[in-house]
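Undergrad: predicted coordinates and the sequence they were generated for:
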Amino acid sequence: MAVGENVLANLPSVNELVEALAQTTTAPRALVVVRAREAIQAYRKALQRGDPGLDRPTIMARLVEEVRRALAPGVRRVINATGVVLHTGLGRAPLAEEAIASLVEVARFCNVQADLEEGTRSLREAHVESLLKAITGCEAATIVNNNAAATLLVLATLAAGREVIVSRGELVEIGGSYRIPDVMAQSGAILVEVGCTNRTHPRDYEAAVTERTVAIMKVHKSNYAIQGFTSEVSLAELAPLAKEKGLLLIHDMGSGSLVDLASWGLVGEAPASSSLREGADLVTFSGDKLVGGPQAGIIIGKAELIGRVRAHPLARAVRVDKLTLAAMEATLRLLLDPSLAVARVPTLRMITAPASELEARARRLARKLRRQGRTVSVCAGSSRVGSGAFPVTELPTTLVLLEPAPMGPQELARRLRVGTPPVFVRIVDDRVALDVRTVFPEEEPVLVEAVREAFSA
Ligand SMILES: *Cc1c(COP(=O)(O)O)cnc(C)c1O
């Protein structure tokens with residue numbers, strides 16, 4: 001439907017909006033102009049999508065408010081009350097206190113690549129490598145910008161121009177632009193698909209081996225599960241075949257836990273060390289999923305292969321900075337001791353939080369909100385790990401359900417998001433659900449205040 005001329009005519013010009021903002025902000029004019037232009041464009045798009053037109057003063061007031069918000073620091077701390085622990089939109093793994101202290105410490109000068117004893121140049125990931133050896137028993141390890149970079153670099157180094165066999169059940173897309181076939185193509189490796197979506201057998205791999213084959217790659221199915229009439233070939237079954245044919249066995253673990261969470265009742269994600277034990281030559285995984293550290297891609301395995309990966313020209317393009325190294329080193333120190341890790345690494349603490357503790361916290365939060373005059377109830381629900389880790393596992397939790405009236409749940413959720421600090425929630429049965437699993441206990445009073453403000457806004 002065409003947008004009426006009169007509706008568009010009510011839009012202020014960039015200059016008018018900038019003038020209106022001049023009294024309310026001290027932000028640099030150049031930035032105000034950019035933000036004002038973006039806000040007007042977004043509003044025009046909303047009109048074209050069919051949003052009802054408003055009168056001129058209302059539009060002006062709304063745009064001024066929007067730009068003022070947009071001028072606040074872009075990336076800010078938020079409260080995650082969604083119950084999704086590894087929420088990609090909210091920065092995945094929240095760092096441990098030790099990791100935060102460490103990255104603040106090295107933010108100025110630090111010996112990231114200098115040997116203290118000799119004063120000479122050193123390997124920047126040396127400390128991280130030692131810790132990964134201690135945790136997983138690997139021969140060698142390296143670290144890059146993220147797991148997408150890790151798989152790209154591994155394939156480019158070891159498989160460019162050669163064939164790599166992957167099961168059709170494992171050709172995943174991880175949201176956005178990460179798709180196994182595309183990463184393969186970028187690396188120069190030639191993808192050879194075997195089996196069917198639901199079933200792949202050892203003989204499928206065997207039949208696909210040619211003189212051009214260099215590797216078999218197994219990929220974590222990440223964000224989905226194949227159920228019903230299925231079969232997949234395990235690493236342990238692939239290892240003898242790879243050995244017999246002289247092929248490399250590569251495992252893209254995705255979430256890559258370094259702690260065996262089975263002791264905490266979470267089965268289905270074996271730790272990285274077991275991939276090595278089962279015969280993988282190289283294993284890649286993310287640093288900010290189940291590891292619970294900063295964004296990174298970790299590569300562990302055979303020393304000779306890691307050496308080649310490090311020497312590839314792409315390695316420099318995807319190397320990590322000192323902040324990542326410091327935060328990862330501090331996180332890995334905690335992961336050396338599984339009980340310490342579960343107590344100190346927030347991702348692991350949140351995933352393993354006992355249901356009784358969550359229920360007690362939810363009831364306490366509900367009481368505080370009732371005292372504020374809100375209509376709330378608590379009910380059993382489930383949280384998710386997120387980011388493709390334990391994709392089918394529902395973690396039992398207790399939800400605090402907040403009656404949004406007089407507004408709707410979407411409007412209350414929006415007000416909570418644009419508040420200070422922003423709060424992210426879920427909507428369950430037309431009510432706003434708060435899941436304390438992902439809320440740090442010290443954030444609870446702030447959350448209670450944020451709800452008060454959302455209702456009085
Ligand atoms: C998450 C994931 C990736 C991408 O990892 P990033 O660290 O986000 O780049 C790759 N492969 C699998 C199987 C994944 O689960």
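TA: Sure thing, it's come through.

Undergrad: tell me which parts of the protein are close to the ligand?
TA: Within the chain, the positions adjacent to the ligand are 146-148, 172, 174, 178, 219-220, 222, 252, 254-255, 286, 297, 388 by Cβ under 6 Å from any ligand atom. Just so you know, the C-beta spots here come from the backbone N, C-alpha and C atoms, and that holds for glycine as well.

Undergrad: buried subset of these as a PyMOL selection?
TA: Those of the residues of the chain next to the ligand that count as buried under 16 or more other Cβ atoms under 10 Å are selected in PyMOL with:
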select buried, resi 146+147+148+172+174+178+219+220+222+252+254+255+286+297+388
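
Undergrad: can you flag which of the residues of the chain next to the ligand belong to helices?
TA: N147, A148 (DSSP state H).

Undergrad: from the residues of the chain next to the ligand, which is closest to A360?
TA: For those, the closest approach to A360 (Cβ to Cβ) belongs to S255, at 28.8 Å.

Undergrad: can you tell me what sits against stretch 204-218?
TA: With contact meaning Cβ atoms under 8 Å, 6 or more residues apart in numbering, stretch 204-218 is reached by 155, 158-159, 162-167, 170, 189-190, 192, 194-195, 233, 235, 238, 241-242, 245, 247-252, 280.

Undergrad: which among those end up buried?
TA: 155, 158-159, 162-167, 170, 189-190, 192, 194-195, 233, 235, 238, 241-242, 247-252, 280.

Undergrad: any stretches of the stretch 101-250 of the chain with poor pLDDT?
TA: Scanning the stretch 101-250 of the chain for pLDDT under 70 picks out 176.

Undergrad: residue contacts, the residue nearest to H87 when sequence neighbours are not counted?
TA: Leaving aside its sequence neighbours, H87 sits nearest to G386 (Cβ to Cβ, 6 or more residues apart in numbering; 5.4 Å). Neighbouring residues of G386 by Cβ under 8 Å, 6+ apart: V84, V85, L86, H87, T88, R92.

Undergrad: kindly report the same for V78.
TA: L90, P421, P422, V423, F424.

Undergrad: give me the subset of these lying in strands.
TA: V423, F424 (DSSP state E).

Undergrad: can you pick the most crowded of the contacts of V78?
TA: In terms of neighbour count, V423 stands highest of those at 26 neighbours, by other Cβ atoms under 10 Å.

Undergrad: isn't it up against L412?
TA: No - with contact defined as Cβ atoms under 8 Å, V423 and L412 do not form a contacting pair (10.2 Å).

Undergrad: any residues in contact with both of these two?
TA: Common neighbours of V423 and L412 (Cβ under 8 Å, 6+ apart) are A454.

Undergrad: sorry, back to before: which of the buried ones among the contacts of stretch 204-218 fall within helices?
TA: L155, L158, A159, L235, L238, L241, A242.

Undergrad: number of residues surrounding the residue nearest to A457 when sequence neighbours are not counted?
TA: Using Cβ to Cβ, 6+ apart and skipping the chain neighbours, the partner closest in space to A457 is R415 (5.3 Å). Other residues near R415 come to 20 when the count uses other Cβ under 10 Å.

Undergrad: what do you get for N111?
TA: Neighbours of N111 (other Cβ under 10 Å): 12.

Undergrad: contacts only, for it.
TA: S122.

Undergrad: return the residues in contact with the one residue in the chain that gets nearest to the ligand.
TA: As assessed by Cβ to the nearest ligand atom, the ligand sits closest to G254 within the chain, at 2.5 Å. Residues in contact with G254 (Cβ under 8 Å, 6+ apart) are N147, I174, V219, H220, S222, F285, S286, K289, G388, A389.

Undergrad: wait, isn't L416 in contact with A457?
TA: No - applying Cβ under 8 Å, one finds L416 not in contact with A457, separated by 9.6 Å.

Undergrad: related to what we said a few turns ago, farthest-apart pair in the contacts of V78, please.
TA: Farthest pair in the contacts of V78, by Cβ to Cβ: L90 and P421, 11.8 Å.

Undergrad: quick revisit: just the element for the residue nearest to H87, please.
TA: For G386, there is no host helix or strand (DSSP states H and E).

Undergrad: returning to what we had before: which of the contacts of G386 has the most neighbours?
TA: V85 leads the contacts of G386 on contacts (other Cβ under 10 Å) with 31 neighbours.

Undergrad: quick check: phi and psi at that one.
TA: Backbone torsions for V85, taken as degrees, to the nearest 10, come to phi -70, psi -50.

Undergrad: likewise V432?
TA: phi -90, psi 120.

Undergrad: show me what it is bridged to.
TA: L402, I427 (DSSP bridges).

Undergrad: now the strands for the stretch 51-200 of the chain?
TA: 79-80, 140-144, 163-167, 190-194 (DSSP state E, counting those that start in this stretch).

Undergrad: so A270 touches L261, yeah?
TA: No - contact criterion Cβ under 8 Å: A270 and L261 do not qualify, at 9.5 Å.

Undergrad: who has more neighbours out of these two?
TA: L261 (23 against 17).

Undergrad: and that one, how close does it get to Q295?
TA: Distance, L261 to Q295, by Cβ to Cβ, to the nearest Å: 21 Å.

Undergrad: check P409 too.
TA: 32 Å.

Undergrad: look at those two and report which has more neighbours.
TA: The neighbour comparison of P409 against Q295 (other Cβ under 10 Å) goes to P409, with 21 against 18.

Undergrad: next, count neighbours for the nearest residue to the more buried one once chain neighbours are set aside.
TA: Spatial nearest neighbour of P409, excluding adjacent residues (Cβ to Cβ, 6+ apart): I427 at 4.7 Å. Neighbour count for I427, taken as other Cβ under 10 Å: 15.

Undergrad: check V209 too.
TA: Neighbours of V209 (other Cβ under 10 Å): 19.

Undergrad: now it: phi and psi?
TA: phi -70, psi 130.

Undergrad: same thing with the one 5 residues further on?
TA: When read as degrees, to the nearest 10, the backbone of V214 gives phi -120, psi -30.

Undergrad: what about it, distance to F455?
TA: Distance, V214 to F455, using Cβ to Cβ: 61 Å.

Undergrad: over to Y205?
TA: Applying Cβ to Cβ to Y205 and F455 gives a distance of 59 Å.

Undergrad: appreciated, that's everything.
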